[in-house]
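Q: Build me a model:
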Amino acid sequence: MRYHHLSDDSALQGREDIVNYIRKTGCIQYDPLDVVGRNPDLVLQARCRSYRKGDIEPLLYQDRVLFDVWDKNMSISTVADWSCFERFRRRFLVWCREHQAVIDEITDYLQQHESACSSDFAHDVKVDWHYGPQRLAKAALEAMCYAGLAVVHHKKGTRRYYALAEKCIPAEYFNMAPPYRTDADYFKWGVLRRINAVGLLWNKPSDAWLGINGLKSAERSQAFQTLLDEGAIVKIDVDGIKHPLYVASENLDLLQAAAAQPSDTTGCARILAPLDNLLWDRKLIADLFGFEYKWEVYTPAAQRKYGYYVLPVLCGSELVGRLEMETDPKRNMLVVNRIWLEDGVDGGAGVMDRILAGIARFQEYNRCDSTEMRCT
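A: The predicted structure follows:
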């Protein structure tokens, strides 16, 4: 909790802290769904009391210290990590060469204009794309972004506008060599990056490894062993958990300090994002916290155990329940539809008061004037 700034004594305080957190963890995951804010907003509000919905936008599209990139699925990373995605970009550079005429046309347009979206181009023929048939214009702009030729300049809702990468990424990062030279170096870099993304991680199959191209169990195990041999990570045994966990050596002091003097756990509850870094390995969370969580937005309604957009609730170092909320834009109101407490959690022992305080904090983050409690 202290590593993820989810305790009062480690909470993020503002812009610089937010950028440093993303730099430390490598990335935070992006998802376009906006029920009570998009996933990056939800990640950051849990860690920074002064954060308000949309505050990440200037960091992305004005200051440009962050950028949109495919890391663990679609994500947000720091521009200092620009060179790290060279391996991912290769196959999209091949695609761009295969469609050179339209890429040249878009490039020429972006040399003359600050940004463009797919509707600025008349290439309506459908091409095969990774999520299904797509207009050539849209696929070409996305391919340029994935290939490092373009970046997301800004968004209007979920519509993306693109600019040439060389105009937006500082030259010191744009021309920097990637931090790996061989496949083994790449896998080692990726494994350490994911350990730091979660804080503690084990050598088991997990969604945490998504986005590390070509990483299979053998490559992952070899990377773990090399990192151990080099002293970059340390093995941690946890009572009651069969498999060892691993922490970056640079974070061992923090772990030991937290064990010696736990954080204050009396503050208001933190409401977590569905794709929060802490939750990337759901099996690990189940083993560590006894908390089983599935984001059910893609589960058919009749098969959902809880609801469409349900968020975990953290009190101190315990995951005590979950909330289903939505924003009523007409009334500028936060609506709390349901609260579920975990089995064995005593809602009368101050937990509910802390959850209500967390909801009040969440209302402020969500820029709402009031809260309606529909649950009893």
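Q: hey, let's count contacts and neighbours off CA atoms from now on
A: Fine.
Q: can you give me the strands for the stretch 101-250 of the chain?
A: Per DSSP state E, counting those that start in this stretch, the stretch 101-250 of the chain carries strands over the ranges 126-127, 134-135, 150-156, 159-164, 233-236, 245-248.
Q: how about the last one as PDB, C-alpha atoms only?
A: Output in PDB follows, covering the C-alpha atoms of strand 245-248 (Å, rounded to 0.1, in the frame of the first residue of the first chain):
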ATOM      1  CA  LEU A 245       7.200 -13.300  -4.600                       C
ATOM      2  CA  TYR A 246       9.800 -10.900  -6.000                       C
ATOM      3  CA  VAL A 247      10.500  -7.300  -5.300                       C
ATOM      4  CA  ALA A 248      13.000  -4.900  -7.000                       C
END
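Q: Give me the contact list for the next helix or strand after that strand.
A: Using DSSP states H and E, the helix or strand that follows strand 245-248 towards the C-terminus is helix 252-260. Outside helix 252-260, the residues within contact range by CA atoms under 8 Å, 6 or more residues apart in numbering are 2-3, 234.
Q: make it 10 Å
A: Residues outside helix 252-260 that contact it (CA atoms under 10 Å, 6 or more residues apart in numbering): 1-3, 199-200, 233-234, 236, 246-247, 249, 262-263.
Q: out of the strands of the stretch 101-250 of the chain, which comes closest to Pro178?
A: Closest to Pro178 of those is strand 150-156 (CA to CA; 17.9 Å).
Q: The contacts of helix 252-260: which two are farthest apart?
A: Checking the contacts of helix 252-260 with CA to CA, the most distant pair is Ile233 and Ser263, at 23.8 Å.
Q: that older thread, I'd like the strands of the stretch 101-250 of the chain laid out as a markdown table, including mean neighbour count, distance to Thr107 and mean pLDDT.
A: Below are the strands of the stretch 101-250 of the chain laid out as a markdown table (neighbours: other CA atoms under 10 Å; distance: least, CA to CA, whole Å; pLDDT from 0 to 100):
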| stretch | mean neighbour count | distance to Thr107 | mean pLDDT |
| --- | --- | --- | --- |
| strand 126-127 | 14 | 20 | 92 |
| strand 134-135 | 16 | 17 | 90 |
| strand 150-156 | 19 | 9 | 96 |
| strand 159-164 | 20 | 7 | 96 |
| strand 233-236 | 18 | 43 | 97 |
| strand 245-248 | 21 | 41 | 98 |
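Q: Nearest to Trp70 among those strands would be which one?
A: Closest among the strands of the stretch 101-250 of the chain, using CA to CA: strand 150-156, at 11.3 Å.
Q: That closest one pairs with which strands, and in what direction?
A: strand 159-164 (antiparallel) (DSSP bridges).
Q: sorry, back to before: with respect to Gly344, which of the contacts of helix 252-260 is nearest?
A: Met1 (21.5 Å).
Q: any idea how far the residue nearest to Leu272 when sequence neighbours are not counted lies from Glu98?
A: Nearest non-adjacent residue to Leu272, counting by CA to CA, 6 or more residues apart in numbering: Pro312, 5.4 Å away. Per CA to CA, to the nearest Å, Pro312 is found 45 Å from Glu98.
Q: Repeat that for Gly132.
A: For Gly132, the distance to Glu98 - CA to CA - is 18 Å.
Q: Of those two, which one has the most company?
A: Between Gly132 and Glu98, counting by other CA atoms under 10 Å, Glu98 is the more crowded of the two (11 against 8).
Q: residue contacts, that one?
A: So Glu98 contacts Phe92 (CA under 10 Å, 6+ apart).
Q: how about low-confidence regions in the stretch 251-376 of the chain?
A: 264-266, 376 (pLDDT under 70).
Q: can you pull out the strands in it?
A: Using DSSP E, counting those that start in this stretch, strands in the stretch 251-376 of the chain cover 270-271, 310-315, 318-328, 333-341, 370-373.
Q: For those, give me a markdown table that also has distance to Glu57.
A: Below are the strands of the stretch 251-376 of the chain laid out as a markdown table (distance: least, CA to CA, whole Å):
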| stretch | distance to Glu57 |
| --- | --- |
| strand 270-271 | 21 |
| strand 310-315 | 22 |
| strand 318-328 | 20 |
| strand 333-341 | 22 |
| strand 370-373 | 24 |
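Q: Ok, which of these comes nearest Asp104?
A: Here strand 318-328 is closest among the strands of the stretch 251-376 of the chain (CA to CA), at 42.8 Å.
Q: Can you tell me how far Arg49 is from Ala360?
A: Counting by CA to CA, the gap from Arg49 to Ala360 is 11 Å.
Q: My error: substitute Asn175 in the last question.
A: 46 Å.
Q: can you point me to the longest helix in the chain?
A: If you go by DSSP state H, the chain has its longest helix at helix 183-198.
Q: name the helices or strands packed onto it?
A: helix 15-25, helix 217-229, strand 245-248 (3 or more CA pairs under 10 Å, 6 or more residues apart in numbering; DSSP states H and E).
Q: out of everything not next to it in sequence, what's closest to Val345?
A: Val320 (6.4 Å).
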